[in-house]
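S.K.: Everything below, folded, please.
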Amino acid sequence: MSKDKARPTLGIDGLALPILPPERDERVWAKLVRVMFYTPGFLAMLLLKAGEPEAFGITVELLMLSSTAAIVGGLYIGAQSSGGSSDHSSQIGAWSGSLVLELLAVVPLLCAIPSLFHQLAHSRLLHAVAPGSVDLSLGASELLPMVAILPFMLYQLAGFGTLHYVVSRPVNWAINIGIFGLIVASYVANREGAYGMEKRFGAILVVAMAVTVFYGVLKLRQMQMTYDANCPSKEYQKAAKAA
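M.R.: Modelled structure (predicted):
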């Protein structure tokens with residue numbers, strides 16, 4: 001990872017260098033790993049304790065995936081190194097870890113939370129119906145947890161996310177629209193009791209995110225290798241300016 005404030009844009013071969021993501025603060029991402037490990041795991045245990053088994057759908061699986069993926073993301077971030085002994089893999093540790101957290105920790109959590117809220121809000125174990133009581137529906141307010149998807153899409157499409165540097169803009173839009181559509185479809189299926197369809201939508205989402213992460217990590221490593229092989233040295237830059 002280059003430490004220069006302004007990275008060279010042209011390589012020694014005269015071709016444009018890959019546009020790498022900006023430097024990340026590994027300490028911030030390490031703190032996020034802890035949050036993403038404990039929070040989904042706690043929610044999964046809460047659902048197992050208070051929910052009805054037939055309403056679980058794929059919610060618990062998504063929460064546990066989010067929790068365990070945070071540990072994997074931490075492994076990548078912990079491998080980050082930019083010193084003289086660093087190699088191509090260690091130089092992209094923070095970027096790869098952020099990609100794992102964004103797509104395999106945050107996305108499953110965003111998919112699980114709306115269904116989790118619906119299940120807890122309507123749990124007969126938590127809300128025992130007293131004689132003569134009126135069962136009030138939450139109505140449209142149940143959609144409030146799903147609003148978190150919108151700032152996440154803005155995070156990705158506005159260039160904050162690591163995926164922005166790995167795929168083209170149209171592909172980035174397609175991936176995020178697909179994430180939104182599959183989350184909505186999974187939630188609707190859960191509300192209607194179509195738990196088989198909910199599992200299918202959730203499985204498609206997870207497989208798509210796993211493939212994207214796999215491609216993204218390899219693409220980042222290839223970009224770093226190309227950058228290191230063609231990045232002009234300081235002596236080369238001084239000579240070029242003098243000429």
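
S.K.: Can you tell me which residue sits nearest the middle of the chain?
M.R.: For the chain, the residue nearest the mean C-alpha position is residue 102 (1.6 Å; CA atoms, centre = their mean).

S.K.: For the one helix or strand residue 37 maps to, buried residues please.
M.R.: In this assignment (DSSP states H and E), residue 37 forms part of helix 26-50. Buried residues in helix 26-50, counted by 16 or more other CB atoms under 10 Å: 26, 29-30, 32-33, 36-37, 39-41, 43-44, 47. Every C-beta, even on glycine, is put in place using the N, C-alpha and C of the backbone.

S.K.: Might you list the low-confidence residue ranges for the protein?
M.R.: Along the chain, segments meeting pLDDT under 70 span 1-6, 11, 14, 46-57, 83-86, 121-142, 233-243.

S.K.: so where's the longest helix in it?
M.R.: Secondary structure assigned by DSSP state H gives helix 195-230 as the longest helix of the chain.

S.K.: Summarise which helices and strands it is packed against.
M.R.: Helices and strands touching helix 195-230, by 3 or more CB pairs under 8 Å, 6 or more residues apart in numbering; DSSP states H and E, are helix 59-78, helix 88-91, helix 93-100, helix 107-121, helix 169-191.

S.K.: from the ones you listed, which stretch is densest packed?
M.R.: helix 93-100 (a mean of 26; mean count of other CB atoms under 10 Å).

S.K.: How far does that one sit from its chain's centre?
M.R.: Distance of helix 93-100 from its chain centroid, counting by CA atoms, centre = their mean, to the nearest Å, is 10 Å.

S.K.: That one - contacts with which helices or strands?
M.R.: Packed next to helix 93-100, using 3+ CB pairs under 8 Å, 6+ apart, are helix 26-50, helix 59-78, helix 195-230.

S.K.: can you list these in a markdown table and add distance to residue 160?
M.R.: Below are these laid out as a markdown table (distance: least, CB to CB, whole Å):
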| stretch | distance to residue 160 |
| --- | --- |
| helix 26-50 | 13 |
| helix 59-78 | 16 |
| helix 195-230 | 15 |
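
S.K.: closest one to residue 113 among those?
M.R.: Nearest to residue 113 among those is helix 26-50; the distance by CB to CB comes to 7.9 Å.
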